[in-house]
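In: Here is the input, now give the coordinates:
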Amino acid sequence: MSQSISPITNIQSNDVQGLEYIVLGVATCYQRDDEGRLTEVQVAEPIPAADLDCLAREVRSTSYSLLYATTYAEIIHDDQPHLPSDIFPAGAIPGENFIRRVQAATRTYRSKPEFRHLPLHDTCTPEAGVFKLNYDPEPRRVINATAEVSESDNVKQHAHTHNVL
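Out: Numbers count the residues shown, from 1 in each chain. As a prediction, the model looks like this:
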C-alpha cells in the first residue's frame, strides 16, 4: 500500500507568491566611468526584514532616500522588474540580480512578519513616513568598483610560519 505525501503549503514553500509583502529602497550609489570620475546613480534594491527593522529604529545612517512597501506581483511581471513610475524617481534602475534578491528578501518577511514596519503601499523618506530615514550618502557606494590587488597588499609572514618545528 502506498502512502500519499501531503502537498507543501505556501508557508513551507520557497516559491514566492504574488501578494507577498516586500519593501524596495532607492539607494544613492555611484558609478565610476572610464576616466575615473564618479557619477550618481539611483538604484532600486529589495530591503530584507532585518534591514528594515534596523532602518525603522533610526539607529544608523543609510544611502536609501526612499522606501516603498508593496507586493511581489506589483514589481515582478513575467519575470521582469517593473518599478512603478509614480513612486520611483525617473532614472532609477534595478540593482544587480534584482529578481533573485527580491525573492530572497520577500521570504524574510514571511518568517519575520513583525518586521513589516511600513504599511503596504506606503513610502518612507528622510522627510516623511511612519519613520524617518537617516539619509546620508557618505560613505559612497560605488557599484562598479574593482579591487586592484598589488604585491604590497600581501601580508609579510615570519619565516617559521609554515615550517614544522
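In: in the protein, which ranges drop under the pLDDT threshold?
Out: Low-confidence segments of the chain (pLDDT under 70): 1-13, 145, 165.
In: which residue ranges form the strands in it?
Out: Assigned by DSSP state E, the chain shows strands spanning 21-32, 38-47, 64-71, 76-77, 80-81, 93-94, 123-124.
In: right, so of these, which gets closest to Ala159?
Out: Ala159 lies closest to strand 21-32 among the strands of the chain, at 39.7 Å (CB to CB). C-beta: built from backbone N, CA, C; applies to glycine.
In: Any buried residues in the closest one, and which?
Out: For strand 21-32, burial by neighbour count (16 or more other CB atoms under 10 Å) applies to Tyr21, Ile22, Val23, Leu24, Gly25, Val26, Ala27, Thr28, Cys29, Tyr30, Gln31.
In: What residues are bridge-paired with the residue nearest to the spatial centre of the chain?
Out: Relative to the mean C-alpha position of the chain, the nearest C-alpha, by CA atoms, centre = their mean, is the one of Pro46, at 3.7 Å. Note on Pro46: beta-bridge partners Leu24, judged by DSSP bridges.
In: Report how many residues lie close to the residue lying closest to Leu133 once chain neighbours are set aside.
Out: In this structure, Leu133 finds its nearest non-sequential neighbour in Pro126, 4.7 Å apart by CB to CB, 6 or more residues apart in numbering. Around Pro126 there are 14 other residues, counting by other CB atoms under 10 Å.
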